[in-house]
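>>> below are the sequence and a predicted model; questions follow.
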Amino acid sequence: MQIPFDNSYARLPERLFAPQTPTRVASPQLIRANPGLAAELGIDSTWLESAEGVSTWAGNLVPEGAQPIAQAYAGHQFANFVPQLGDGRAILLGEVIDTHGNRRDIQLKGAGRTAWSRGGDGRAAIGPVLREYIVSEAMHALGVPTTRALAAVTTGEEVQRESPLAGGVFTRVAASHIRVGTFQYFSAQEDTEALRALVDHALARHYPAANDPANPALALLTAVITAQCDLIIRWLPLGFIHGVMNTDNVAISGETIDYGPCAFMDGFHPQCVYSSIDRGARYAWGNQPSIAQWNLTRLAETLLPLIAEDRDDAIKLAEQALAIFPDRFQAGYLAAFRAKLGLTEANDSSKEFIKSTLEILAKNEVDFTLFFRHLTRVAAGEDAAEVVALFSAETDANAWLESWRAVASPDTELTKMQAANPILIPRNHRIEAAIQAGYRGDFVPFNRLVDALTLPFTADAQFSDLEQAPSSDERVTETFCGT
Ligand code: AMP
Ligand code: MG
């Protein structure tokens, strides 16, 4: 077997999924593959990029041991419940146990229609494929739990969107693809038996140490609340906006999943939104913690029949579990921003300073990443001119710097600042340029961006152009869904 499959999801009750062979494409070509990740998965790096490997990543060859399936799920999309979504353009090839002993899914995205494609073609254009590759690998390098990119191919076929576009297939690796929406699917059908099977599977797979035989559903809920809370704590200090935090895009594993209209903020504003479909700014940067809690409440609802026989008892227990979130979030969020600013003390005054700093950054439309990057240089002894230049009002910059010098401990906190403030993020305009070049058949900008982002905390002169904020005509103000 070229891929050491062991497919536990396909052994669950059949109504959780539908067997589905990928649909062949005309003439696949490799854009990029990920030998480091392949090694973790027990896949030979030569085979990874061989003709057989490329056929596999295109869906033309079903490798030995694979049991391709599409998974059933539902979801709240922008707060509206859709009882049946499911994998409409994704096919799970199977699972492997990685070199750390963790079970990982290998899934093709854009591999053709499934039982849940509805009106869709089951395909992906290469734009969203490149975007997911760049951003998911960058998130990994930035230390954020995330799904990963194993391979990207072109299909030699066109997909029809607003105009015809070159097609691609993306190979996604995830701890699992079980979502809040997976539980909602079976909850909506009042299928308690399927819910119980999912709880047992998810607990054994993701949180074996958290299991409580007396109440596995509550143990799972508590573990997911903690993992999702910790995930949002990682997103906000990077200026990351997921863009489409629908319950079908919330992984039970606590990994970031589904890189559609996501974006990293340029100029800071808490209400910042890039997604073209997020008209009401529901998924704005600063709304993400409260949306995460809303999503977790939807998960809790699905588990009530398993948490206690009496509904009121179940609600009480679920509410206690959900109550973990606000304090845990607040503590993690403040610790992260203290690290970014070089503050030592966890007290009311550092909390107030973080708040007023974000207000002044928003007022001055300061570039979020460059601000913390240059501030880290100031902490290391360089002069503050580059920080000042980021503000629209110089007086605000100088007043802020003076207040920062009064409260920060740059000498003792420098290492923490360096570890908290990346030099490189995948800037929206760089992603867009890489995608546009990709559509012209030029993958050099894409490959350069992926290469650069493997070490986002390390200054490298050859990539210094990638640090820059967009000029006014380069600025990307809207991002689009992953279809
Ligand atoms: P997403 O925007 O990735 O969260 O997808 C939302 C839902 O739409 C999921 O059920 C997807 O499987 C489905 N979907 C998205 N794009 C396509 C497509 N091209 N063909 C079929 N289904 C799709
Ligand atoms: Mg999705």
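That came in fine, so what should we check first? Ligands and ions are numbered 1, 2, ... in the order given.

>>> what helix or strand does the most far-flung residue of the chain relative to its centre sit in?
Here the centre of the chain is the reference, and by C-alpha atoms, centre = their mean the most remote residue is Thr395, at 37.5 Å. Using DSSP states H and E, Thr395 sits in helix 394-407.

>>> what sits against Leu195?
Contacts of Leu195 were listed using C-beta atoms under 8 Å, 6 or more residues apart in numbering, and they are Phe183, Phe186, Ser187, Ala217, Thr302, Leu303, Pro305, Leu306. In this view, the C-beta of every residue, glycine as well, is placed from N, C-alpha and C.

>>> and the last one, helix, strand or coil?
When you say that, I think you mean Leu306. Following DSSP: H, G, I helix; E, B strand; the rest coil, Leu306 is assigned to helix.

>>> what's the neighbour count on the closest residue to it other than its chain neighbours?
Distances taken as C-beta to C-beta, 6 or more residues apart in numbering place Ala217 nearest to Leu306, at 3.6 Å, with adjacent residues excluded. Neighbours of Ala217 under the rule other C-beta atoms under 10 Å: 26.

>>> gap between Gly254 and ligand 1?
To ligand 1, Gly254 is 18 Å away according to C-beta to the nearest ligand atom, to the nearest Å.

>>> any idea how far that residue is from His269?
27 Å (C-beta to C-beta, to the nearest Å).

>>> neighbour count: these two, which is higher?
Legend: neighbour count by other C-beta under 10 Å for Gly254 and His269, higher for Gly254 (22 against 18).

>>> for the more buried one, list the residues it contacts.
Contacts of Gly254 by C-beta under 8 Å, 6+ apart are Pro145, His206, Val224, Ala227, Gln228, Asp230, Leu231.

>>> distance check, the third one against ligand 2.
So that's Val224. 17 Å (C-beta to the ion, to the nearest Å).

>>> quick one: pLDDT of Gln462?
Confidence at Gln462, expressed as pLDDT, is 98.

>>> Gly167 too?
For Gly167, the predicted pLDDT is 98.

>>> give me phi/psi at it?
phi -90, psi 160 (degrees, to the nearest 10).

>>> next: the one 5 residues further on.
Reported as degrees, to the nearest 10, the phi and psi values for Arg172 are phi -100, psi 140.

>>> which residues does the residue lying closest to it once chain neighbours are set aside bridge with?
Distances taken as C-beta to C-beta, 6+ apart place Gln107 nearest to Arg172, at 4.8 Å, with adjacent residues excluded. Per DSSP bridges, the residues bridged to Gln107 are Leu92, Arg172.

>>> which ones are touching Gln107?
Ala90, Ile91, Leu92, Leu93, Thr171, Arg172, Val173, Ala174, His177.

>>> how many residues are close by the third one?
A count of neighbours around Leu92, defined by other C-beta under 10 Å, yields 25.

>>> can I assume it is in contact with Gly59?
No. Using C-beta atoms under 8 Å, Leu92 is not in contact with Gly59, being 11.9 Å away.

>>> in stretch 27-44, what counts as buried?
Pro28, Leu30, Ile31, Arg32, Ala33, Asn34, Leu37, Ala38, Glu40, Leu41, Gly42, Ile43 (16 or more other C-beta atoms under 10 Å).

>>> show the subsequent helix or strand relative to the one helix or strand Thr412 maps to.
Assessed by DSSP H and E, Thr412 sits inside helix 410-420. Tracing the chain C-terminally past helix 410-420 and defining elements by DSSP H and E, one meets helix 428-439 next.

>>> right, and the helix or strand after that next one?
helix 444-452.

>>> which phi and psi does Ala251 have?
Residue torsions, per degrees, to the nearest 10, at Ala251 are phi -80, psi 140.

>>> please name the nearest non-neighbouring residue to it.
Among residues not flanking Ala251 along the chain, Ile257 sits closest, at 4.4 Å (C-beta to C-beta, 6+ apart).

>>> wait, isn't Arg15 in contact with Gly86?
No. Applying C-beta under 8 Å, one finds Arg15 not in contact with Gly86, separated by 11.6 Å.

>>> pull up the overlap in contacts between these two.
With C-beta under 8 Å, 6+ apart as the test, Arg15 and Gly86 both reach Ala72.

>>> settle it for me: which of those two has more neighbours?
Gly86 (22 against 14).

>>> ok so, going back, residues in contact with the residue nearest to Leu306?
Counting by C-beta under 8 Å, 6+ apart, Ala217 makes contact with Leu195, Arg196, Val199, Leu303, Leu306, Ile307.

>>> using the three-state scheme, assign Gly122.
Per three-state DSSP, Gly122 ends up coil.

>>> residues in contact with it?
Counted by C-beta under 8 Å, 6+ apart, Gly122 has contacts Thr23, Gly88, Arg89, Gly110, Ala111, Gly112, Arg113, Thr114.

>>> in the longest strand seen in the chain, what counts as buried?
For the chain, the strand with the greatest residue count under DSSP state E is strand 148-160. Neighbour-count burial for strand 148-160 flags Arg148, Ala149, Leu150, Ala151, Ala152, Val153, Thr154, Thr155, Val159 (criterion: 16+ other C-beta under 10 Å).

>>> before we move on, the earlier item: and the buried residues of stretch 27-44 as TSV, adding secondary structure and pLDDT?
What follows is the buried residues of stretch 27-44, written out as TSV (DSSP: H, G, I helix; E, B strand; the rest coil; pLDDT from 0 to 100):
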residue	secondary structure	pLDDT
Pro28	coil	98
Leu30	strand	98
Ile31	strand	98
Arg32	strand	98
Ala33	strand	98
Asn34	coil	98
Leu37	helix	98
Ala38	helix	98
Glu40	helix	98
Leu41	helix	98
Gly42	coil	98
Ile43	coil	98
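
>>> if we look at ligand 1, which of the residues you listed are close to it?
When C-beta under 6 Å from any ligand atom is taken as the criterion, no member of the buried residues of stretch 27-44 contacts ligand 1.

>>> and those residues, which is closest to ligand 1?
Pro28 (17.9 Å; C-beta to the nearest ligand atom).

>>> let me see the contact set for that closest one.
Val54, Ser55, Trp57, Ala58, Asn60, Val153, Thr154, Thr155, Gly156, Val169.

>>> nearest to ligand 1 among the residues you listed?
Taking C-beta to the nearest ligand atom as the measure, ligand 1 lies nearest Val169 of the contacts of Pro28, at 11.9 Å.

>>> can you confirm the closest one is in a helix?
No. Per three-state DSSP, Val169 lies outside any helix segment and is strand.

>>> how far away is it from ligand 2?
Val169 is 16 Å from ligand 2, where distance means C-beta to the ion.

>>> identify the residue spatially nearest to that residue, adjacent ones excluded.
Gly110 (4.5 Å).

>>> can you report how many residues lie near that neighbour?
30.

>>> gap between it and Leu48?
For Gly110, the distance to Leu48 - C-beta to C-beta - is 19 Å.

>>> Ala318 now?
Distance, Ala318 to Leu48, using C-beta to C-beta: 44 Å.

>>> picking up where we left off before, got TSV for the contacts of Gln107, with pLDDT too?
Below are the contacts of Gln107 laid out as TSV (pLDDT from 0 to 100):
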residue	pLDDT
Ala90	98
Ile91	98
Leu92	98
Leu93	98
Thr171	98
Arg172	98
Val173	99
Ala174	99
His177	98
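
>>> reformat these as TSV; add distance to Leu358.
Listed next are the contacts of Gln107 as TSV, based on distance: C-beta to C-beta, whole Å:
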residue	distance to Leu358
Ala90	37
Ile91	42
Leu92	40
Leu93	43
Thr171	38
Arg172	33
Val173	35
Ala174	32
His177	35
